[in-house]
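> I need the structure of the sequence given here:
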Amino acid sequence: MEFTVGSRAIEIKFDYMLMFKVNRELSSRDDNGQPNEDGVGALFLRVVERNDSALVDLIKLCASKKAKAISDEEALTAISAKLEELDATTTEPIFKAIEEEMVDSGFFNEKVLKYIEKLELALKYLKVKAETAQDQATAQFQIEQTEAQIGRLKNAIS
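Model (predicted):
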């Protein structure tokens, strides 16, 4: 998918280079500040959940391989222009296309599957922890949210 930022064409191509950038820039960090290498999975979840910041982040990461970095405002303007080009009244067509391209990319698909595995391990931990939790409502909410995320990711990837 291509977006226009000013006079520049910014192509979002789900290749190895973008996978590396996404993992480097969007990964969560451990207690020592080291990346958890979960940026691709987290980004994919944001795309599946139709979180607009995912589009902005993608455009900014893809633009960085060109000349100067672009601002959030420039990325948002590019998204608006793409919506006009598509004659769309929602961002759904953009998200759907990006989701499909991510699933079709071997690099991204592999990382998303690993992210799902990590979420499933976290879910097991949450369930064990919930058995002794003082706040059962919060523990149950965390379990339900994690199960829902896993379900949405698996649905999107299949």
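> And stretch 25-38, what's buried?
Leu26, Ser27, Asp38 (16 or more other CB atoms under 10 Å). From N, CA and C alone the C-beta is placed, and that goes for glycine too.
> which residues are contacting that stretch?
The contact list for stretch 25-38 (CB atoms under 8 Å, 6 or more residues apart in numbering) reads Asn23, Arg24, Gly39, Val40, Ala42, Leu43, Asp57, Leu61, Tyr115, Lys118.
> Apply 6 Å and report the result again.
Asn23, Gly39, Leu43, Tyr115 (CB atoms under 6 Å, 6 or more residues apart in numbering).
> Between those residues, identify the one with the most neighbours.
Leu43 (29 neighbours; other CB atoms under 10 Å).
> re earlier: from the buried residues of stretch 25-38, which single one is nearest Gln149?
Asp38 (12.5 Å; CB to CB).
> From Glu144, how far off is that closest one?
Per CB to CB, to the nearest Å, Asp38 is found 21 Å from Glu144.
> Pull out the buried positions in the strand or helix carrying Glu117.
According to DSSP states H and E, Glu117 maps onto helix 106-130. In terms of neighbour count (16+ other CB under 10 Å), helix 106-130 has its buried residues at Phe107, Phe108, Asn109, Lys111, Val112, Tyr115, Ile116, Leu119, Leu123, Leu126.
> Of these, just say which sits nearest to Ala156.
The closest of the buried residues of helix 106-130, once distances to Ala156 are taken by CB to CB, is Val112, at 8.4 Å.
> which other residues reach stretch 70-86?
For stretch 70-86, using CB under 6 Å, 6+ apart, the contacting residues are Phe3, Thr4, Val5, Leu55, Val56, Ile59, Lys60, Ala63, Pro93.
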